[in-house]
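Q: My questions are about this predicted structure, shown below with the sequence.
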Amino acid sequence: METLEPRNPERRSPVEPGAWRRALLRANTLLALALAAVLALMVNYLAYRHYARADWSRSGSNTLSEKTRGLLDGLTGAVEVVVFLQPGQEVFEDAVHLLDEYEAASPLIHVERVDPDRDLARTEELMRRYEVTEANVIVFDGGGRRKYVRMAELADYDYEPVQMGEAPRRVSFKGEQAFSSALYSITQASQPVVYFLQGHGERDIESFERGAGYSAIAELVRRDHAEVKPLVLGRTPAVPDDASAVVVAGPQKAFSAAELDVLGDYLERQGRLLLLLDAATATGLESLCEKWGLRLVNDVVLDATRTLTGRELFITEYEPHPVTAKLNGLSTVLYLPRSVEPIEGEEGGGDPADRPAAAPLASCSESGWAETDSLQSPMRYDPERDRPGPVPVAAAVEKGPVPGIDVQIRPTRLVVIGDSDFAANGVMTGANEDLFLSALNWLLERDELLGIAAKPVEDNRLLMTQRQLRGLFWAVVGVIPALPALLGVLVWWRRRT
């Protein structure tokens, strides 16, 4: 009879049910992690393709205006934006963040940032390509049309702290105004044509001579997306029809009556004229200016409080006008300028509704004067012969439709500055080129986007007592790090028990 061996109670099956259960749990966990990773990748991909941007700043400093959005929606070609700004600059962060908004608002905007101090090879390559000769500029390039925005154009400063030995305080950021104006400039359908008059000893736009030639300012006009051409009235009976503006820079000889008639006829046909007229030079343009509401006297404007050598006039304050809107806080230097004074009252011409509107742009201070005897040395104020300050040295004239009547008539515009040296090669310092370009752009009606308001810089400060600072220190250093540690100890203790 076969006997059965007693069953060993400690002998188990090759695979325990608990092992299968643990294996299934591990596989389920791995599958869940894999699915979570795939889901995270899908969500990130969808978020990359379809996202929403919101400006959470209190002042809305990163929100683009409707004018800018309309400009971006109207783009038809790609625009390359190259940022040559050093990261340590005060406006660097604001400029970079704002350009990110431009890039996000339009797929045709491509922004590249280079650090001139670190990426030397790339910086040199791009500077050669875009003909950049100075640091801290932003280049807008649309199909070969370029506009250069300098760092000084991006902010307004309050210079009162300088009198107390402190640094200027930034009060507003004008990045959107500058960037949108640059985009508008390079996306215009056609280039404006600026003629520089020749034949009377005017400044030569082809001359590189220091202190005399105008090649540098002509290049700046070309960079501002405008075509520059010379004009000799003796070769043409009238100003060409394609002239967007005419510049008369420092003539040394008198104009003939026929030439004055040509310029006068051009102004009557809604022309745009920029006159840079030096002191002690009679050209015949004085009568033309008087007809348009400006008086030019044979004098020299001096100001002992706004000069270093006695031959220049520093201007830091300007009259409110679109020409000077961008010059606040900047300094221009004129060299022995003559007075350019708007004519008041009935002297300005007939019917007040049809009279040219003349406005001063810049003047000497109350300490200055208009010297009528430029031969005396040293020149000093004579109350019987000289005019006390403030004396205007630059003025603008506009003649158009009667205010209040909405008609599409292109107004006549005229800007007269009592000096031509300030824009010569090697002499342009401070905001001299800004004054020239601002006057020219106003003549060309390139102020459509100047209505974009500057964003004020908010000075947000958290004022706390010494006791509050200590409480904040212990809360950050002690309490907040201790909370997750305490939570971890409680979880460990619960599992242990």
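A: Received it, and whenever you're ready, just let me know what you need.

Q: end-to-end on stretch 340-357?
A: With CA to CA, to the nearest Å as the measure, stretch 340-357 spans 14 Å from end to end.

Q: now for the longest helix seen in the chain, which elements pack on it?
A: The helix of greatest length in the chain, counted in residues with DSSP state H as the criterion, is given as helix 17-49. Contact here means 3 or more CB pairs under 8 Å, 6 or more residues apart in numbering; DSSP states H and E; on that basis helix 17-49 packs against no helix or strand. (C-beta placed from N, C-alpha, C; glycine too.)

Q: so after that helix, what's the next helix or strand?
A: Where DSSP states H and E defines the elements, the next helix or strand beyond helix 17-49 is helix 66-73.

Q: which residues sit against that next one?
A: Contacts of helix 66-73 with the rest of the structure, by CB atoms under 8 Å, 6 or more residues apart in numbering, involve 64, 102, 105-106, 108-109, 176, 179-180, 183-184, 187, 449, 451-452.

Q: if you set the cut-off to 10 Å instead, what comes out?
A: Residues from elsewhere that reach helix 66-73, judged by CB atoms under 10 Å, 6 or more residues apart in numbering: 63-65, 79, 98, 101-103, 105-109, 176-177, 179-181, 183-184, 187, 448-449, 451-452.

Q: residues of it that come out buried?
A: Of the residues in helix 66-73, Lys67, Thr68, Leu71, Leu72 count as buried by neighbour count, 16 or more other CB atoms under 10 Å.

Q: Lys174: neighbour count?
A: 19 (other CB atoms under 10 Å).

Q: nope, Arg145 is what I was after
A: When neighbours are counted by other CB under 10 Å, Arg145 comes out with 16.

Q: Would you mind measuring from it to Pro107?
A: The gap separating Arg145 from Pro107 is 19 Å, by CB to CB, to the nearest Å.

Q: What's the first helix or strand after the helix-or-strand element of the chain with minimal mean pLDDT?
A: Lowest by mean pLDDT, DSSP states H and E among the helices and strands of the chain is strand 455-456, with a mean of 69. Per DSSP H and E, strand 455-456 leads on to helix 466-474 as the next helix or strand towards the C-terminus.

Q: Contacts made by that following helix with the rest, please.
A: Applying CB under 10 Å, 6+ apart, the contact partners of helix 466-474 are Leu462, Met464, Thr465, Val479, Ile480.

Q: how about the residues you listed in JSON lines, adding distance to Ala370, pLDDT and neighbour count?
A: Output for those, formatted as JSON lines (distance: CB to CB, whole Å; pLDDT from 0 to 100; neighbours: other CB atoms under 10 Å):
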{"residue": "Leu462", "distance to Ala370": "53", "pLDDT": "69", "neighbour count": "6"}
{"residue": "Met464", "distance to Ala370": "57", "pLDDT": "75", "neighbour count": "11"}
{"residue": "Thr465", "distance to Ala370": "59", "pLDDT": "81", "neighbour count": "8"}
{"residue": "Val479", "distance to Ala370": "72", "pLDDT": "84", "neighbour count": "10"}
{"residue": "Ile480", "distance to Ala370": "70", "pLDDT": "85", "neighbour count": "10"}
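
Q: which residue ranges form the strands in the stretch 51-200 of the chain?
A: Assigned strands in the stretch 51-200 of the chain, in chain order: 79-84, 109-113, 137-142, 145-150, 155-158, 169-173, 193-198 (criterion: DSSP state E, counting those that start in this stretch).

Q: Provide the strand pairings for the third one, with the direction of each partner.
A: Meaning strand 137-142. Strand 137-142 has the following strand partners under DSSP bridges: strand 79-84 (antiparallel), strand 145-150 (antiparallel).

Q: which of those sits most buried?
A: When neighbours are counted by mean count of other CB atoms under 10 Å, the highest per-stretch mean among the strands paired with strand 137-142 falls to strand 79-84, a mean of 21.
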